[in-house]
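**Student:** The following comprises the amino acid sequence and a computationally predicted model.
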Number of protein chains: 2
Amino acid sequence: MSENIVIIGAVAVGPKAGCRFKRLRQDANVTLIDQDEMISYGGCGIPYFISGDVSDESELRSTSFHMVRDERFFQDDKGVTALPGTKAVKVDRKNKTVRVQSRDGGEKDLAYDKLVIGVGTKPKGLNIPGTSLKNIFCVSNLHDAIQIKEMVTSGKIEKAVVIGAGFIGLEMAEALADMWQIETSVVEYCDQIMPGFVSKNLSRMAQRHMEENGVSFYLGESVEAIEGKDSVERVKTNKRSLSADLVIMAVGIAPNTALAKDAGIEISPNGFIVVNDQMQTSDPDIYAGGDCVQISNLITGKPGFFPLGSMANRQGRVIGTNMAGGNATFKGAVGSFVVKTFDMGLAGAGLSVETALKEGFDAVGIQVSQFDRAHFYPEKEIIYLELVVDRKTRRVLGIQGFGAESSGMFTRINAVASILQYHPTVDAISNLELAYSPPFASAMDIINALGNAAENFLDGRYMPMELDEFEQCWQEKDKGDCLFLDCRAYADARVFEEMYPEIWKSIPHNELEQRIDEVPKGKRLVLICNTGVRSYEAQINLRTHGFEDTASVGAGVAGLKQSGMDFGMDT
Amino acid sequence: MSENIVIIGAVAVGPKAGCRFKRLRQDANVTLIDQDEMISYGGCGIPYFISGDVSDESELRSTSFHMVRDERFFQDDKGVTALPGTKAVKVDRKNKTVRVQSRDGGEKDLAYDKLVIGVGTKPKGLNIPGTSLKNIFCVSNLHDAIQIKEMVTSGKIEKAVVIGAGFIGLEMAEALADMWQIETSVVEYCDQIMPGFVSKNLSRMAQRHMEENGVSFYLGESVEAIEGKDSVERVKTNKRSLSADLVIMAVGIAPNTALAKDAGIEISPNGFIVVNDQMQTSDPDIYAGGDCVQISNLITGKPGFFPLGSMANRQGRVIGTNMAGGNATFKGAVGSFVVKTFDMGLAGAGLSVETALKEGFDAVGIQVSQFDRAHFYPEKEIIYLELVVDRKTRRVLGIQGFGAESSGMFTRINAVASILQYHPTVDAISNLELAYSPPFASAMDIINALGNAAENFLDGRYMPMELDEFEQCWQEKDKGDCLFLDCRAYADARVFEEMYPEIWKSIPHNELEQRIDEVPKGKRLVLICNTGVRSYEAQINLRTHGFEDTASVGAGVAGLKQSGMDFGMDT
């Protein structure tokens, strides 16, 4: 008799597992059920559907060859029986059946030999007054998306408030502000955007870019109520009231694991389905994958949560292979990510410095800014990278970056993301071998320069100053404790020196040895150039002359300006 | 007494080694000598200087902050004494001195505690008549480059012949044909461009793109003579005579190791300086790096030759660290590369399938074509990747790709280049974790699809047909042995079916099960769709029905068209 495979959940992991299995076992029966009518869609594309980049929701449900992935597609192209509008009510592990409820309310049992659970997540709500008003959405499925798109295209939305400055929050803010010119504000409880994913240094660059494109941010504020008569009218935070006729709640997600829990499958303390590296649950005949499971964080070795369509797809294939008797494994994730913010990208892999510190590492983040290609090549972009390393072991814990969407930032992040699973130390970054040619990279590439900077820091040769620390120094500049020593050519430094003669001094790096007597003793020297190269060299020269209290601004003036530092000038 | 470091050769590895060392040992004396007057330049930028992308040669000799790296720069900025126009005549290892000859012919001895040799390569010439005619250049230094640029800007050059279709040959062909509209031909002894680096499949795509941009190629031809009165007028190959008023010889390079050889330092059988992974020669006080040394090929474990400015720079830093008492290592290279051909790029890392076979691996190349980003995202490009794997061990030996310069091809190559040193097997590619978001990647990314295809091939499930093999089938189509079964929608397949009714049959994949009786028995079935996805699925379905002699065109119609296959149509 043919084997029966039942799959609960038909968005990402389910269809992939079912189709892969069916290709390996053409004689088996695969049934794919989902409580929704719309199945197998690219949920990550929702912000681009709302922005108008993707004109029709059906494109999110289509293959690359423009066939809508509906029941018929699954039957004809994949040999898989899809049952949309069918809810799984109960899993009976003893009898190996799933009780399902169809559109008309009728119930029946589906027998399974192997079962797959890929039921994803539900959005976390906020437990505040007013969340049941109209025009408040989570962006958790295509139905929400279609409603939001209808609203924005109707032209009736003038002001939107997005709650949460994570991935979905930022993507939605861009979608609303860019194409539809909606006055968009983002409220975030933490004091930075993308909390947990990037350092404040990088988050400020991305935030500033979004602000320049018309998005307002209210950080470190908590939403206390949503107000309105019938529809939403205002969002009240602990600090202000923001007018809104549309609210997007993007404050996190929680796994849909009630079904698995009821069936007695092992669930983690924080509510995720526990699977081994074959994606098998505590019941060997039941597999699970996608956003509802926990997988290993390959940096910390601890359980992690990586809700991404790319994870789900790859896990689905592993499940399909293993159900057919194969031995595929999914070892975990390093947590690579990328988010587009207008024409810039913010990306990373592994741990941010803040997360690494929380995890008990003696972590530090080292920043470098440099062109993505040979500096003599006409097309190039300055990109910003931060390497997170453990001081004791010199292990690389993560990398994050910010740069133009079209820049080489993304390829540097991916190159490091790829090796993080091998637990490299900093020297591996100093010597990472990217393909080189002037239109694509530098002979001493930024990725290697980043490794070099981290090595120099760990060896005590390089004492960097982060953007935050610089800002503090700058705010306290009138105290007179610091001297800002500008290592650039005089032409670049002059305007600063003239504006702040007491605290800003120009000594181009190539004149430093001759003018060493001009460097004042007894002050903290903040060394600065455009991208941190000359200020680092100056730091070494100054040490030779007995100046130990120095700090080199790693991201340089380029990084400071990118973060919005205007030095009191109209720059 | 201060330590004396002497460095012979001041292009890439030398300056880097010297400056790194000086930063670590501010009290030491570093002397950098070079027989040339122009030092520390980006030789890899020469084609872009000739094309006009880089307007002045001084840009190739400048830092990112626009200072020309001349004697004064090295003195003032780096504390390094540079002696351009100074030739190293002899190394006396016993007395630890270098005999140098200065511009005026005067000789003196420089004492060294540590010596660095970074003397690069010289171009291999062709041993044929006529090579001493005027207007024949190798592109081996800035002087050549300046002369060529003067000639092309004068407008007197109408026809150029480039001998050699490797990196420099292709870059020079683009430089001449693109900006200066010079009628440019490339003659190559091998039967493909970029021999040894990419498969014929990918080389054909790049070649076709260059042909569309006006470059002519004569492959599998050997140059027998260069003819002319005073200047070059013609290039004679074994098959034709090509008019030319400029000839670029780019037929390879050989290391400059006479000096090291004379000094009794160990030289490899093929003429390179032998170094350990600290970049130390057989004399522990003498280091060497850059194009004149051999380093380990991390794929084969054998000595390799990787003449790239990026290698030289990283090796220079290792040398500088080690001379200062550090313990840095340079373990070798996987041979990553990228070359721009007009607005496309051709890149790779590790071994090409041909090279892998020569090295004794049971190698096979698996090709996949797919969009670089989510297929529903408006901006995207089809890119072409080829994974080279060993059948027995499933080890990944290399990856190569072709795609738009601005596409995501480069980031996939770099991601795999980064992990090749860890000797991954195919499953690591199936599960490679690139950062995902629709504007940057696909949920089932092409890199994972490539790993999947390779796994399916190794497991005997996927029987692909390469472009070359397809072409042969197509040429022999009138024999009637093959049926081309088009798995695309009828709208796409129709024109083919109408044009070739005897041999081309449209059965869209979703209709295959119902129309299985229409599939003729006893013929080899060449399955084709746009990018190889549906044809692979059809292959599986057909096997279930007893059709074993099938082949799925991995790169699809997209790949065939990119290679110049027009199917006899005006496409």
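**Tutor:** Arrived safely.

**Student:** all contacts plus neighbour counts: C-alpha atoms, from now on.
**Tutor:** OK.

**Student:** which other residues reach stretch A:30-40?
**Tutor:** Stretch A:30-40 has contacts (CA atoms under 8 Å, 6 or more residues apart in numbering or on different chains) with A:4-12, A:14-15, A:18, A:22, A:61, A:69-70, A:79-88, A:142.

**Student:** How about it, which residues are buried there?
**Tutor:** The neighbour-count check on stretch A:30-40 (16 or more other CA atoms under 10 Å in any protein chain shown) flags A:30-36, A:38-40 as buried.

**Student:** which one of those residues is nearest residue B:455?
**Tutor:** residue A:30 (22.7 Å; CA to CA).

**Student:** Point me to the helix or strand that includes the closest residue to the closest one other than its chain neighbours.
**Tutor:** Using CA to CA, 6 or more residues apart in numbering or on different chains and skipping the chain neighbours, the partner closest in space to residue A:30 is residue A:5 (4.7 Å). Assigned by DSSP states H and E, residue A:5 falls within strand A:4-8.

**Student:** Repeat that for residue A:321.
**Tutor:** Mapping residue A:321 onto the secondary structure by DSSP H and E places it in helix A:309-323.

**Student:** Determine how far that helix lies from the middle of the whole chain.
**Tutor:** Distance of helix A:309-323 from the chain centroid (CA atoms, centre = their mean, to the nearest Å) equals 22 Å.

**Student:** Could you confirm whether whatever helix or strand comes next after it reaches chain B?
**Tutor:** Going down the chain from helix A:309-323, the next helix or strand is strand A:337-341, by DSSP H and E. Yes - using CA under 8 Å from any CA of the partner chain, strand A:337-341 comes into contact with chain B via A:337-340.

**Student:** what's the closest of those to chain B?
**Tutor:** Within the residues of strand A:337-341 next to chain B, the smallest distance to chain B is 4.4 Å, found for residue A:337 (CA to the nearest CA).

**Student:** Run through chain A and note the low-pLDDT ranges.
**Tutor:** Along chain A, the model assigns pLDDT under 70 to residues A:570-571.

**Student:** So it: which segments form each domain?
**Tutor:** Taking automatic domain parsing as the reference, chain A has its domains at A:4-120+A:255-323, A:136-251, A:337-458, A:464-562.

**Student:** re earlier: is the helix holding residue A:321 up against chain B anywhere?
**Tutor:** Yes - Helix A:309-323 is in contact with chain B by CA under 8 Å from any CA, via A:309-311, A:313-314.

**Student:** So what touches the strand holding residue A:5?
**Tutor:** By CA under 8 Å, 6+ apart, the surrounding residues in contact with strand A:4-8 are A:14, A:18, A:28-34, A:88, A:110-119.

**Student:** For beta bridges, what are the partners of the spatially most central residue of chain A?
**Tutor:** Centroid-nearest residue in chain A, with CA atoms, centre = their mean: residue A:337, separated by 4.2 Å. Beta-bridge pairing of residue A:337 under DSSP bridges involves residue A:348.

**Student:** I'd like to check which residues are in contact with it.
**Tutor:** Going by CA under 8 Å, 6+ apart, residue A:337 touches A:347-349, B:434-437.

**Student:** Show me the two of those that sit farthest apart.
**Tutor:** For these, the farthest-apart pair by CA to CA is A:349 and B:437; their separation is 13.3 Å.

**Student:** the more surrounded of those two?
**Tutor:** Remark: of residue A:349 and residue B:437, residue A:349 carries more neighbours, 31 against 22, as counted by other CA atoms under 10 Å in any protein chain shown.

**Student:** That one contacts residue A:333, doesn't it?
**Tutor:** No - Residue A:349 lies out of contact with residue A:333 (CA atoms under 8 Å); the separation is 9.4 Å.

**Student:** that older thread, quick one: closest of the domains of chain A to residue B:400.
**Tutor:** Short answer: domain A:337-458, nearest of those by CA to CA, at 11.1 Å.

**Student:** What count of nearby residues applies to the residue of the stretch 151-300 of chain A at minimum distance from chain B?
**Tutor:** Closest contact between the stretch 151-300 of chain A and chain B, by CA to the nearest CA, is at residue A:167 (9.7 Å). Residues lying near residue A:167 (other CA under 10 Å) number 20.
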